[in-house]
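> I would like the atomic coordinates for the input below:
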Amino acid sequence: FSAQRPNILVIIVDDLGYGDLSSYGATDLKSPHIDSLISDGMRFSECYANCPVCSPTRAALLTGRYQELVGVPGVIRTMPEDNWGYLAPSATMLPQALKPLGYHTAAIGKWHLGLDQEAHPNTRGFDLFHGFLGDMMDDYYTHLRHDRHYMRRNQEKVNPKGHATDIFSDWACDYLTERQKKEDPFFLYLAYNAPHTPIQPPLDWLKKVIIREKGITEKRAKLVALIEHMDHNIGKVISTLKATGQWENTLTIFVSDNGGQLNVGANCGNLRGGKQDMHEGGLKVPASATWPGVIQAGAKSDLAFLTMDLFPTAIEAAGGKAPSGIEGRSILPLLKTGSQEPFQRDLFFTRREGNMSFMGDSSWAMRRGPWKLVKNRPDSTWELFHLGNDPLETTDLSKKEGKKFRELSAAMRAQIQLGGSVPWQKPQE
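Numbers count the residues shown, from 1 in each chain. Sure, this is the predicted structure:
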């Protein structure tokens, strides 16, 4: 029976660019543990984050829905005046869908989907929450945000010592060790805040990179060290999974929540833009799935899919049926057989934001086959690209291909109307 119900481990990292792993082309960076995980399973070349920033992608992964349809069109922040989302209490979360299938559920690391009780991981189906409730840390060692403390074990404040990446990994290893004695399978959602800013690697890791990579800039060296330190920790988690005898029956999914942040030295591969952009560099992310005995080692796939598709995939892998009314589609056939027909659907990307450049407005994109429609910032014009002929999005075809531009625009407007009917702020008391 347990063979039909694998453990499910989702590792989501924060702001890892498409070109910031050795297995995705990085030459100044060593990521042996993530690379090994990827080579033990299937490497995805066309995995898209639902959004080029944090909260919306996480909301999409955990609900199987477009983020704006569950009230998270933008970043949920700790300060209400700069908060652009409120996770809909009615949305079914992945742990809530897995619990009836007999799963023990845990979220370790960064939450970033709301601070109040209604949005708390324990309220949303996680048996265990051991992590950070807020949006980002101002310091990897103090773990504070705006001088406030957000580290919790379930409802209780905790004060762990050390670098956040080490802490979350140790907590994950503790959880895996504890679960080895249990009959029921687990779902572990392990969310690192690395390599998000502040770019603050442990000094010994930074020293190693500077000695090894002659001529590397300090900016790039710091980011490389932060990623290599994270890679080492992910290696510890995978080693624990193997040491406890749980590796063989675990589906492990690895993904980044959006593209890398260019101004801190990220590498988004040969793609235009980075984090915050609706261009490919902001949306296309490194990702893999590993499941010994089910997914062929060394497999590769160029099936285009979104973060939200991991929700029905996990439920079906667990032997359940994905709830109706979600937009996510399962890629389980791809994992099991190595191939799957492309989905006949449009892919939509939305983001609402504050600050002086957005002022509460949105940026948008959509993809239909090779065609991509983009409004990268509220003050940008709408552009049309053919990714098949122009993967770097250099040539706007909106005038030349007027019919195609109008077709995609109509579909985009319909999606914008859908999202417009969903509240994204907490109802006033």
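
> from now on I want contacts and neighbour counts done on CA atoms only, so please keep to that.
Fine.

> off-centre distance for the helix or strand encompassing residue 220?
Taking DSSP states H and E as the criterion, residue 220 maps to helix 218-243. Between the centre of helix 218-243 and the centre of its chain there are 17 Å (C-alpha atoms, centre = their mean, to the nearest Å).

> mind listing what's buried in it?
Within helix 218-243, the residues that count as buried by 16 or more other C-alpha atoms under 10 Å are 220-238, 240-241.

> leaving out sequence neighbours, find the closest residue to residue 120.
residue 114 (6.8 Å; C-alpha to C-alpha, 6 or more residues apart in numbering).

> how about that neighbour, phi and psi?
Backbone torsions for residue 114, taken as degrees, to the nearest 10, come to phi 130, psi 150.

> residues contacting the closest residue to residue 121 other than its chain neighbours?
Using C-alpha to C-alpha, 6+ apart and skipping residues adjacent in sequence, the residue nearest residue 121 is residue 129, 6.2 Å away. Going by C-alpha atoms under 8 Å, 6 or more residues apart in numbering, residue 129 touches 106, 107, 108, 121, 122, 152, 153, 154.

> what packs against the helix or strand the first one falls within?
So that's residue 106. Residue 106 belongs to strand 104-110 when elements are defined using DSSP H and E. Applying 3 or more C-alpha pairs under 8 Å, 6 or more residues apart in numbering; DSSP states H and E, one finds that strand 104-110 contacts strand 128-132, helix 164-179, strand 186-191.

> JSON lines please, covering these and showing distance to residue 5 and mean pLDDT.
Shown next, in JSON lines, are these (distance: least, C-alpha to C-alpha, whole Å; pLDDT from 0 to 100):
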{"stretch": "strand 128-132", "distance to residue 5": "20", "mean pLDDT": "98"}
{"stretch": "helix 164-179", "distance to residue 5": "15", "mean pLDDT": "98"}
{"stretch": "strand 186-191", "distance to residue 5": "9", "mean pLDDT": "98"}
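
> mind checking the ones you listed for the one nearest to residue 13?
Closest of the helices and strands packed on strand 104-110 to residue 13 is strand 186-191, at 6.0 Å (criterion: C-alpha to C-alpha).

> could you list the buried residues of that closest one?
Quick answer for strand 186-191 (16+ other C-alpha under 10 Å): 186, 187, 188, 189, 190, 191.

> of those, closest to residue 16?
Using C-alpha to C-alpha, residue 191 comes nearest to residue 16 of the buried residues of strand 186-191, at 12.4 Å.

> circling back: neighbours around the residue nearest to residue 120, how many?
22 (other C-alpha atoms under 10 Å).

> please apply the same query to residue 316.
Around residue 316 there are 18 residues (other C-alpha under 10 Å).

> cool, residue 330 as well?
21.

> and what of residue 263?
Neighbours of residue 263 under the rule other C-alpha under 10 Å: 11.

> next: residue 37.
23.

> do you know how far the nearest residue to residue 95 once chain neighbours are set aside is from residue 20?
In space, and not counting its chain neighbours, residue 95 is closest to residue 125: 5.0 Å by C-alpha to C-alpha, 6+ apart. In this view, residue 125 and residue 20 are 33 Å apart by C-alpha to C-alpha, to the nearest Å.

> thought residue 301 was touching residue 38?
No. Here residue 301 lies out of contact with residue 38, judged by C-alpha atoms under 8 Å, at a distance of 11.9 Å.

> and the strands in the stretch 201-350 of the chain, which stretches?
250-256, 287-290, 299-301, 305-306, 347-352 (DSSP state E, counting those that start in this stretch).

> of all these, which one is nearest residue 75?
With C-alpha to C-alpha as the criterion, residue 75 lies closest to strand 347-352 of these, at 7.8 Å.

> ok, and what's touching the closest one?
Strand 347-352 is touched from outside by 50-53, 56, 67-68, 73-75, 84, 278, 306, 358, 360-368, 412, 415, with contacts defined as C-alpha under 8 Å, 6+ apart.

> helices - which of those land there?
Under the assignment DSSP state H, these contribute 56, 358, 412, 415 to helices.

> give me the neighbour count for the second one.
The criterion is other C-alpha under 10 Å. On that basis, residue 358 has 15 neighbouring residues.

> now do the third one
Applying other C-alpha under 10 Å, we find 22 other residues in the vicinity of residue 412.

> who touches it in this structure?
348, 365, 366.

> one more time with 7 Å, if that's ok
residue 366 (C-alpha atoms under 7 Å, 6 or more residues apart in numbering).

> cool, the first one as well?
Residues in contact with residue 56, defined by C-alpha under 7 Å, 6+ apart, are 67, 72, 73, 74, 75.

> before we move on, what's the pLDDT of the last one?
Think residue 75. Residue 75 is assigned a predicted lDDT (pLDDT) of 94.

> burial count for it?
Residue 75 has 24 neighbouring residues, counting by other C-alpha under 10 Å.

> quick one: it and residue 237, what's the gap?
As judged by C-alpha to C-alpha, residue 75 and residue 237 stand 28 Å apart.

> over to the first one?
Spatial separation of residue 67 from residue 237 under the definition C-alpha to C-alpha is 29 Å.

> and what of the third one?
Between residue 73 and residue 237 the computed distance is 32 Å (C-alpha to C-alpha).

> same question for residue 86.
32 Å.

> do the same with residue 312
Distance, residue 312 to residue 237, using C-alpha to C-alpha: 25 Å.

> check residue 345 too.
Residue 345 is 36 Å from residue 237, by C-alpha to C-alpha.

> ok, now residue 347?
33 Å.

> cool, and residue 159?
22 Å.

> grab the nearest non-local neighbour of residue 46.
Spatially, and ignoring its direct neighbours in sequence, residue 46 is nearest to residue 304 (4.7 Å; C-alpha to C-alpha, 6+ apart).
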